[in-house]
Each structure stands twice: as C-alpha cells, then as structure tokens.
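S.K.: when you get a sec, could you give me coordinates for this:
(one chain, ligands or ions: 1)
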Amino acid sequence: MYQKLLIANRGEIAVRIIRACREMGISTVAVCSTADREALHAQLADECVCIGTERPKDSYLNMEQILSAAVATGAQAIHPGFGFLSENTRFARMCRQCGIDFIGPSPESIEKMGDKAEARKTMVRAKVPVIPGTEEALTDAETAKKYADEIGYPVIIKASAGGGGKGMRVARSAEEFKELFVMAQNETLQAFGDDHMYLEKYLERARHIEFQILADQYGNTVHLGERDCSVQRRHQKMIEESPAGFLSDKLRREMGKAAVKAAKAVGYYSAGTVEFLVDQNGSFYFMEMNTRIQVEHPVTEMVTGIDLIKQMIQIAAGEKLAYRQKDVELRGHAIECRISAEDPEHGFLPCAGTVTNLYLPGGNGVRVDSLLYNGCSIPPYYDSMLAKVIVHADTRQEAIRRMKSALGELVIEGITTNLDFQYDLVGSKWFEEGNTDAINDALEKRCGKIC
Ligand code: ADP
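M.R.: Residues are numbered from 1 along each chain as shown. The predicted model follows:
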C-alpha cells in the first residue's frame with residue numbers, strides 16, 4: 001500500500017479523500033491555489049503545496065505543477081477527485097510516465113468513454129441499449145438537421161466532450177433546430193474548447209438512473225446498485241437517492257448486468273458510474289459512463305456500507321476486489337442534498353463571501369461532507385457546492401423526515417445558499433410522491449420557490 005498520496009483537488013471531495021487516507025494509514029499531500037491557502041483541505045492534510053494562482057488553469061488544472069509537487073513530496077499516487085483533471089487522459093498518462101499511480105481507470109478507458117459519441121458506438125458493439133441517435137460527431141448545423149429530421153422531434157443536442165449539463169439543448173421542432181444547434185455548439189466551444197456535437201431522441205419524462213461500478217485490475221467487476229438522480233435543474237443534479245423507488249428487482253438485475261457489460265467493454269477498473277435513462281415503459285438506455293468518483297457517491301456508501309474512496313485506492317495499488325456480486329447488499333434508503341452557494345431568488349447565481357456562523361447537523365444516520373468551517377471564505381473561482389447532506393434510514397419516508405430534520409438544523413450564515421430551497425423541495429408533496437416530473441417542470445419555469 002502507498003505511504004503517501006497527493007490529492008489533486010479542493011473542497012469537500014479533497015477532505016473526503018484525506019479522511020479515507022487517514023483511516024488507511026496513508027500520509028496526505030494537499031495542493032492549493034493562492035485563494036485556498038486557508039481552505040479546509042489545505043489545513044487538514046499532512047502537507048500542503050501551493051501550486052498557483054486563483055484561476056483553475058493556473059493551479060488545479062496545472063498538470064506540471066501538480067506532478068512537480070508529487071515528485072517533490074515523494075507521493076506515490078494521485079487521487080484526482082471529480083472535475084478538474086479526473087477525466088483527463090493526458091494527465092493520467094503523465095502520471096504513468098512519472099511513475100506515479102493515477103487513482104482511477106487507465107487512460108485508455110477514460111479515452112474510450114470520454115468522447116460521448118465514441119462511447120455510444122462502443123456500447124452499440126457491446127449490445128448495451130443506447131438511445132436512438134447519431135453515431136458520428138457533427139459540426140455542421142445543416143447536416144445535423146438532416147439527422148434530427150430522421151430521428152424525429154423532440155431531439156436533444158449534446159456535446160461530445162460534454163459534462164455538467166453544458167452544451168445541451170432540446171429541439172422540439174424542425175423550425176427551431178438550427179438555431180438551438182448553433183447555441184449549444186457555441187456553449188460547448190466556450191466550455192470545452194471543442195465543437196463536436198451529437199444528437200439523441202429526447203425521451204420525455206424519463207428517469208436518470210445510474211449504476212455504481214467497482215472493478216479491479218484483474219477483470220472482477222461488480223455493481224453496487226443504482227442512484228436515482230432525476231431531480232435536476234437545467235440538466236444538473238440537485239438531489240440523489242438510492243435505491244430508486246420504482247425499480248423492480250428484475251429491472252435492477254438487468255440494468256446492473258448491462259452496467260457491468262458497459263464497464264467490461266472498455267476494460268474498466270476503479271470506481272465508475274454508468275448512467276442510464278429509463279423511459280415510462282421501463283425500457284432503459286445507456287447515456288454515458290463517468291470514469292471517476294462522483295459527487296453523489298455517499299448515497300451508495302450508505303446503502304452498501306462500502307467505502308468507495310478506499311476501494312479506489314486499493315484497486316489502484318493492485319489489490320483484488322474483496323466483493324463478488326452476491327456479497328453486495330442494499331440496506332435501507334439514502335438521500336443526498338447538495339448545498340451550494342447560489343441564490344435561488346436570482347436564477348441560482350453563484351455567490352462568494354465569508355461564513356460568519358455555522359452549525360452542522362449530526363445524529364443517527366446523518367452525514368455531512370463539506371468544506372465549511374466557521375470563518376472560512378468561499379472564493380468566487382470554483383464550483384459553488386459547499387456541502388452535501390446525506391441521510392440513511394430504514395425506509396424512504398423515514399429518510400425524507402431525517403433529511404428535513406437535518407436541513408432544518410443546518411445553519412450557514414454570511415453567504416447566500418440554496419438551503420431553504422432544498423428544505424422546501426425535500427419537504428414537498430411532490431418529492432414524497434416521487435413526482436420528479438412535477439418538480440423538474442417547476443424548476444424549469446420558476447426559480448425562487450418550489451410548490
Ligand atoms: P452531462 O454529462 O452534461 O451531465 P448527460 O448526458 O449526463 O450530460 O445528461 C444530463 C441530463 O440531461 C440527464 O440526466 C437527463 O436528465 C437529461 N438528458 C440527457 N439526454 C437525454 C435524452 N436523450 N432524453 C431525455 N433527457 C436527457
């Protein structure tokens with residue numbers, strides 16, 4: 001096992017990884033930007049190296065600086081967390097060249113799943129059902145429209161290099177297609193520096209169900225059940241839960257098998273997530289695979305009792321998976337709410353500032369993964385997520401009540417957050433009924449209040 005590990009990330013996920021390392025007896029090296037010198041992850045790690053100025057490209061995306069920090073401190077492995085360099089094949093290869101283990105899948109697997117249009121093709125070959133759509137990446141609106149006409153409206157225009165709901169538009173008719181295509185393409189170019197797009201049939205009122213995968217370097221692959229991430233605002237997840245209420249054991253088995261097949265098709269090892277859409281008839285379709293740990297991983301940890309970060313580290317170090325599929329049991333129900341520094345009254349605009357008063361909830365089955373402490377400052381340069389509140393209980397209803405209780409106790413002062421909004425959301429009749437369509441429609445139309 002490694003003696004020292006560097007965490008190439010910030011925020012709550014960096015803290016999460018530091019904690020896992022502590023439990024495994026591994027020393028930790030944090031990296032930080034000049035804006036994050038006082039950040040929680042920078043303070044908690046055994047060592048911290050400042051790698052550059054505020055802007056991500058000068059620090060958390062600066063591969064040479066991060067690798068220099070790893071070499072200088074004698075770290076044997078790098079955990080990239082999520083976002084930043086977590087799905088960057090160049091970085092994964094550079095780690096390899098420096099003799100440092102990248103805690104994640106091989107660069108080859110990242111590559112195969114990273115280009116979403118390419119991943120669709122691989123899945124078609126592996127006989128995993130995909131949403132009807134284009135096989136080739138598109139750059140020209142005129143050609144794209146021909147394909148859209150063929151697929152039939154509504155179609156969703158998506159970025160090959162996509163992520164975080166960026167560069168996506170739903171075209172409901174031929175008339176509006178070209179304009180929306182160009183808009184999506186411009187957004188894609190801005191966000192990812194790439195303008196390759198692809199199209200899918202837009203599935204109305206579908207559910208976002210994703211399967212957590214764990215696989216070692218010897219071909220052993222299991223799934224750890226699903227997460228329902230259907231509550232979204234502008235295609236971005238807000239609340240996640242496990243298990244998905246409407247999923248029968250049979251469908252869970254089928255989807256789990258398809259997820260394992262998808263992972264095996266790209267020779268996957270480490271933790272990963274296979275995302276599906278499930279339509280109203282219970283048919284499911286592969287959407288994409290995220291080749292990294294995800295924000296919502298704690299939900300799965302709560303229902304399976306398996307520590308995903310530790311597993312990733314063990315797998316990278318060459319250990320064999322200790323679980324077979326039949327050893328994985330889902331117990332009870334878990335829900336996660338993302339608490340972000342954003343203003344629901346003003347279009348969920350991200351906010352920055354200093355936390356002047358903080359109280360974090362606790363108690364049986366309540367977990368808070370956060371970057372917060374009293375007096376910490378929230379710089380404007382990074383993702384606005386401050387904390388994840390995760391609860392676990394025997395039943396969904398109990399979990400909802402526990403979440404309401406936890407969010408009711410949580411106090412974050414000095415900075416605008418979506419806390420009250422999330423409280424209303426989990427407490428709503430719609431959420432209780434599992435009526436995500438009503439919630440998502442309301443989120444689409446209004447910004448300030450739910451129900
Ligand atoms: P990203 O990687 O940017 O998050 P995804 O491909 O995961 O993008 O899609 C994000 C969300 O958009 C999905 O969870 C789903 O709600 C919606 N979505 C994507 N593709 C479709 C589709 N073909 N039909 C209906 N909804 C879709």
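S.K.: going forward, measure contacts and count neighbours with C-alpha atoms only.
M.R.: Fine.
S.K.: can you list the buried residues in stretch 185-194?
M.R.: By 16 or more other C-alpha atoms under 10 Å, the buried positions in stretch 185-194 come out as 185-189, 191-192, 194.
S.K.: dump the residues you listed into a markdown table; add distance to residue 250 as well.
M.R.: Converted to a markdown table, the buried residues of stretch 185-194 look like this (distance: C-alpha to C-alpha, whole Å):
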| residue | distance to residue 250 |
| --- | --- |
| 185 | 39 |
| 186 | 42 |
| 187 | 40 |
| 188 | 38 |
| 189 | 41 |
| 191 | 39 |
| 192 | 39 |
| 194 | 40 |
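S.K.: so, low pLDDT: which residues of the protein?
M.R.: 446-451 (pLDDT under 70).
S.K.: which residues are in contact with the longest strand along the chain?
M.R.: In the chain, taking DSSP state E as the definition, the longest strand is strand 221-233. Strand 221-233 has contacts (C-alpha atoms under 8 Å, 6 or more residues apart in numbering) with 207-215, 237-244, 252, 256, 259-260, 263-264, 269, 299-300, 304, 323-325, 328-330, 436, 439-440, 443-444.
S.K.: taking those one by one, which sit in strands?
M.R.: Among the contacts of strand 221-233, the ones falling in strands (DSSP E) are 207-215, 237-242.
S.K.: widest-spaced pair of the residues you listed?
M.R.: Taking C-alpha to C-alpha as the measure, these span a maximum distance of 27.3 Å, between 215 and 238.
S.K.: what about these two, which has more around it?
M.R.: Between residue 215 and residue 238, counted using other C-alpha atoms under 10 Å, residue 215 has the larger neighbour count: 26 against 19.
S.K.: now the helices: where do they sit in the stretch 1-150 of the chain?
M.R.: Ranges of helices in the stretch 1-150 of the chain, per DSSP state H, counting those that start in this stretch, are 11-24, 40-44, 63-73, 89-97, 107-114, 116-125, 141-151.
S.K.: which strands and helices sit next to the longest one?
M.R.: Spelled out, it's helix 11-24. Here helix 11-24 touches strand 4-7, strand 27-33, helix 40-44, helix 308-316, strand 366-370, strand 385-393, going by 3 or more C-alpha pairs under 8 Å, 6 or more residues apart in numbering; DSSP states H and E.
S.K.: repeat that for the second one.
M.R.: In terms of contacts (3+ C-alpha pairs under 8 Å, 6+ apart), helix 40-44 is packed against helix 11-24, strand 27-33.
S.K.: CA atoms only for the shortest one, dumped as CSV, please.
M.R.: What follows is the C-alpha trace of strand 27-33 in CSV, where atoms were taken according to Å, rounded to 0.1, in the frame of the first residue of the first chain:
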residue,chain,number,x,y,z
SER,A,27,0.0,10.4,4.6
THR,A,28,-1.6,13.1,2.6
VAL,A,29,-0.4,15.9,0.4
ALA,A,30,-2.9,18.6,-0.5
VAL,A,31,-2.4,21.1,-3.2
CYS,A,32,-4.0,24.5,-3.1
SER,A,33,-4.3,27.8,-5.1
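S.K.: please list all residues in contact with the residue most central in space within the chain.
M.R.: Geometric centre of the chain, nearest residue: residue 294, 3.5 Å, by C-alpha atoms, centre = their mean. Applying C-alpha under 8 Å, 6+ apart to residue 294 gives the contacts 82, 272-273.
S.K.: show me which residues of the stretch 151-300 of the chain sit near the ligand.
M.R.: 156, 162-166, 200-204, 208, 235, 287 (C-alpha under 6 Å from any ligand atom).
S.K.: now do stretch 77-86: everything it contacts.
M.R.: By C-alpha under 8 Å, 6+ apart, the list of residues contacting stretch 77-86 from outside reads 2, 4-9, 13-14, 17, 56, 60-61, 70, 91, 95, 100-104, 292-295.
S.K.: are any of those residues buried, and which?
M.R.: Among the contacts of stretch 77-86, the ones that count as buried by 16+ other C-alpha under 10 Å are 2, 4-9, 13-14, 17, 60-61, 70, 91, 95, 100-104, 292-295.
S.K.: residue 104 contacts residue 290, doesn't it?
M.R.: No. Residue 104 is not in contact with residue 290 according to C-alpha atoms under 8 Å; the separation is 10.9 Å.
S.K.: any idea how far the residue nearest to the centre of the chain is from residue 343?
M.R.: Residue 294 is 24 Å from residue 343, where distance means C-alpha to C-alpha, to the nearest Å.
S.K.: so the residue lying farthest from the centre of the chain is in which element?
M.R.: Here the centre of the chain is the reference, and by C-alpha atoms, centre = their mean the most remote residue is residue 175, at 34.0 Å. In this assignment (DSSP states H and E), residue 175 forms part of helix 174-192.
S.K.: all strands of the stretch 351-451 of the chain, in order?
M.R.: For the stretch 351-451 of the chain, the strands defined by DSSP state E, counting those that start in this stretch cover 353-354, 357-359, 366-370, 377-378, 385-393, 411-413.
S.K.: closest to residue 310 out of those?
M.R.: Nearest to residue 310, of the strands of the stretch 351-451 of the chain and by C-alpha to C-alpha, is strand 366-370 at 15.8 Å.
S.K.: between the closest one and helix 11-24, how big is the angle?
M.R.: Angle, strand 366-370 to helix 11-24, by axes from the mean of the first three to the mean of the last three C-alpha atoms, to 10 degrees: 110 degrees.
S.K.: cool, thanks, talk later.
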